[in-house]
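> Following is a predicted model, sequence given first.
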Number of protein chains: 2
Amino acid sequence: MARYEDADWRESMRIRYDYTHMLADVVGEHRGTTQGQLDEMAGRLTAAIDVLRLRRSPNDLAWMDLPYQKDSIAEILGYAREVEGVYDDVLVLGIGGSALGVTALKSALLPYYANYMSPDVRRHPRLWVLDNVDPGWVMAALRLLDPERTLVIVTSKSGSTTETMAQFLIARGWLQERLGESTACHIVAITDPEQGPLREIAGREGYRTFAVPPGVGGRFSVLSSVGLLPAALVGIDIEELLAGAAYGDELAQAPDLQHNLPGMAAALQHLAYHRGQRISVLMPYSQHLRDLADWWRQLWAESLGKKMSTDGRRLNVGPTPVLALGTTDQHSQIQLYVEGPPDKVISFVAVERFEEEAPLPPARPKEEGIAYLGGHSLAELINAEREATAMALAEAGRPNATYIVPEVNPFTVGQFIYLLEMQTAISGFLYSVNAYDQPGVEAGKVATYALLGRPGYEAQAIELRTTQAARPRHIV
Amino acid sequence: MARYEDADWRESMRIRYDYTHMLADVVGEHRGTTQGQLDEMAGRLTAAIDVLRLRRSPNDLAWMDLPYQKDSIAEILGYAREVEGVYDDVLVLGIGGSALGVTALKSALLPYYANYMSPDVRRHPRLWVLDNVDPGWVMAALRLLDPERTLVIVTSKSGSTTETMAQFLIARGWLQERLGESTACHIVAITDPEQGPLREIAGREGYRTFAVPPGVGGRFSVLSSVGLLPAALVGIDIEELLAGAAYGDELAQAPDLQHNLPGMAAALQHLAYHRGQRISVLMPYSQHLRDLADWWRQLWAESLGKKMSTDGRRLNVGPTPVLALGTTDQHSQIQLYVEGPPDKVISFVAVERFEEEAPLPPARPKEEGIAYLGGHSLAELINAEREATAMALAEAGRPNATYIVPEVNPFTVGQFIYLLEMQTAISGFLYSVNAYDQPGVEAGKVATYALLGRPGYEAQAIELRTTQAARPRHIV
């Protein structure tokens, strides 16, 4: 029996949310939320959960059912067994939603510095995620790898993402030069099941493919093959990950605000936004969870940063997500958070039990200045600092909350991912925006095509050049 | 003759600042700056530069003279020669200003993936910076290294930084266990020249030491031994780095706003802040420069995020620095920047010439969807995307500027560091704050000591427990 089939174990791995320091009683009337405001939100939460339940379907919000995809899991695990021992390196080409989730899973669930371990300790391929087109960086990555022992995963839902397809052209050439005919065995495509350039190329060239399910947008795709395939290839327990996500789903169904974690977090953040606290900081005190916060940055920014409301009013709304890391950023950002403008909400992520304690040896005689550290451990230290920082912020009238994660494992990571997705979906209702589109990136894409001379964008190219020529440059 | 001694070469490596898209003509009257507003700032800039010139001295703003420290450079290079070939790994223990600058130099100036290269290709030790106290992460790093072949650099200006001294206790124990008596040869301390626990310990145990010059605060210390010693040990040309910084100093002396890069950037950002654009995004389109932007995050937040003005008025002021990376964050944050609230200024960093072009192989017949990429290179692509994004933001009425870096090398990185430090110092005057203290972190430090039971903090411990006990927790 897998441990996650035990209800007691699941309950022991339940993520909680401490919002004591979000309340007006603690941080002051103008900075915090009152019980009355929360009561007013209760009805809106019920409505949001009802709507989400109605829209939950393969044709609409398909991401909500990702925890339950038995067939895809079997397919992914089957492929992982098939290629076991064949590759030393797995190289993911992708950007945005095709990269951030993979990186989050890698950082959270592989041992630290896994890519530096010797193959027999690691027992799985190394995992690399190339999510930029910096030329030196991309080429240096390829020079590090042996094409004969590398699997390239190209991930693009549309199959036409400029950066990813540019990387694909380079990586295919790099494989081809060494492997000739057998290049196709070294490429896997994760893309739309039916259409798009990547789907067509994969079909013609005979690549193994996995589908991004219809209705699952990039930033909600980490629990689809997009995140699961690379994770499975490097030995992450994706069944436990999905069991955790299903548990998060269960928690998110609680109908009343006081027991609904994502609903309470969404409500408090929404109220804070309308009090002028428009910057939302996520600050894990765990190196493992840093990249999960970076994944959330996309989820939050692209889903909620919108010009128009769903009923056509101009809003220009959206909290700005900021990633900070504890304790590191105590020595970089906390000065501003405590003393700067009161325009932020800080959400800490606490880990209750770390994989090891790291006890501190006692200081020597005469080392009075550091003697107080002896007898403590790094685990105690990092948690004491988090607690101290949360209290100091509260005393300074700065609202903050804490997600409490019992320990970092596939179950809690899957659970946290699902809870944050639900929090985002509920927030979409509260802000009255469509959380699933991104119309604001279109203009930049068109301008890129125009600058690169893509056929069909000639008119835009002329327009751009004209605008630029007419505009005097101001340069120091 | 070193290339930086050639005036033409230096001029060819001059960093520029394009602020076209910051102006009201382009982004609209309520979003951008008018010529009239800039004219009003000109006098304040002159005053700021005069004051900085007066305060520039070993007893006050000592960081301003760091580009010219011949003696320290000789000492650092002498030590680097002394230990050449002795170590495989250099492990820096430090946090905040003791880590961010080292990491920025490492990322910018070492080859990508340098730590993965074979020793004969790399020709220098690997460099690791441990800037957190996550127990699993710290212990995993130590397990990766061989104490016999590792140099541990402990950096703390005060000599008492909790996180760093906790790491020191662990690292010293780790060395001791294997090396016994010769442990001291494997530890270097960078700290105050006279006082503090680390200085005392180093004296007693016989560690090699380097000084953080008096008057140089942590976040302005990257061009002191704090950044230079680790950089020199891994083969970064620190003389060229300082020559670049000196060139930045020269540029920053221009008395008129129209020719003073840091002055113009500070003035435009300050005007934007008071228009409600309180979030300042730094977005390099270069993987090398990502961590330099992270270093700047501390510089900007801790220097400008202040409760009180220098003349004792309560301000609670300070822009919130945000790090974004191009093109990566186009697929994460740009939706929000284009459509969300108009509360941001985006500063791009453009690199004109990359270390390689990375030409794209042409697509194959029938691959119409990606054929437009053929004949271009990744270098062209990344720069086209930056340009397209800047234009799209401008069209949406979102102010943005671009630092133009001819190429990434020690000279331009030193120059950029100095320019950003000057921009911060000038901003300090514009915001009327002391840019060199950080009183807001004190409460958190005290609370940490109290929670850890440090002698002398018993009263605070009781107070904390009392506050906590009296405060009902609210947890979902």
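Good, I have the coordinates. Numbers count the residues shown, from 1 in each chain, chains lettered A, B, ... in the order given.

> show me what contacts whichever residue of the stretch 151-300 of chain A sits closest to chain B?
Nearest to chain B, among the residues of the stretch 151-300 of chain A, is residue A:197, at 3.0 Å (Cβ to the nearest Cβ). From N, CA and C alone the C-beta is placed, and that goes for glycine too. Residues near residue A:197 by Cβ atoms under 8 Å, 6 or more residues apart in numbering or on different chains: A:159-160, A:165, B:367-370.

> Those residues in helices, which ones?
Counting by DSSP state H, these place A:165, B:368-370 in helices.

> one step back: please name the nearest non-neighbouring residue to the residue of the stretch 151-300 of chain A closest to chain B.
residue B:369 (3.0 Å; Cβ to Cβ, 6 or more residues apart in numbering or on different chains).

> Then residue A:75?
Sequence neighbours aside, residue A:210 is the residue nearest to residue A:75 in space, at 7.2 Å (criterion: Cβ to Cβ, 6+ apart).

> Residue A:242 belongs to a helix?
Yes. Assessed by DSSP: H, G, I helix; E, B strand; the rest coil, residue A:242 belongs to a helix.

> For it, give me its contacts.
Contacts of residue A:242 (Cβ under 8 Å, 6+ apart): A:66-69, A:73, A:223, A:228, A:414.

> any idea how far it lies from residue A:39?
Residue A:242 sits 35 Å away from residue A:39, going by Cβ to Cβ, to the nearest Å.

> circling back: and which of the ones in helices among the contacts of residue A:197 is nearest to residue A:337?
residue A:165 (40.3 Å; Cβ to Cβ).

> Verify the stated contact: that closest one with residue A:200.
No. With contact defined as Cβ atoms under 8 Å, residue A:165 does not reach residue A:200; the gap is 11.8 Å.

> Between those two, which has more neighbouring residues?
A side-by-side neighbour count of residue A:165 and residue A:200, using other Cβ atoms under 10 Å in any protein chain shown, places residue A:165 first with 24 against 17.

> which residues sit in contact with that one?
The contact partners of residue A:165, by Cβ under 8 Å, 6+ apart, come to A:156, A:159, A:197-198, B:369-370, B:373.

> can you check residue A:125 too?
The contact partners of residue A:125, by Cβ under 8 Å, 6+ apart, come to A:87-90, A:151, A:233-234.

> tell me the pLDDT at it?
pLDDT for residue A:125: 98.

> got it, and residue A:114?
Per-residue pLDDT puts residue A:114 at 97.

> is residue A:209 in a bridge, and if so with what?
For residue A:209, the beta-bridge partners under DSSP bridges are residue A:189.

> Could you identify which of the contacts of residue A:242 has the most neighbours?
In the contacts of residue A:242, the most neighbours by other Cβ under 10 Å go to residue A:414, 32 neighbours.

> That residue: what's it in contact with?
Counted by Cβ under 8 Å, 6+ apart, residue A:414 has contacts A:67, A:223, A:240-248.

> and if you look at residue A:221?
Shown in contact with residue A:221 (Cβ under 8 Å, 6+ apart): A:63, A:97-98, A:101, A:157, A:212, A:227.

> change it to 7 Å
By Cβ atoms under 7 Å, 6 or more residues apart in numbering or on different chains, the contact set of residue A:221 is A:97, A:101, A:157, A:212, A:227.

> export those to CSV and tack on distance to chain B?
Shown next, in CSV, are the contacts of residue A:221 (distance: Cβ to the nearest Cβ, whole Å):
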residue, distance to chain B
A:97, 7
A:101, 12
A:157, 11
A:212, 15
A:227, 15
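
> a markdown table for those residues, including secondary structure and distance to residue A:170?
Shown next, in a markdown table, are the contacts of residue A:221 (DSSP: H, G, I helix; E, B strand; the rest coil; distance: Cβ to Cβ, whole Å):
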| residue | secondary structure | distance to residue A:170 |
| --- | --- | --- |
| A:97 | helix | 21 |
| A:101 | helix | 23 |
| A:157 | coil | 21 |
| A:212 | coil | 22 |
| A:227 | helix | 24 |
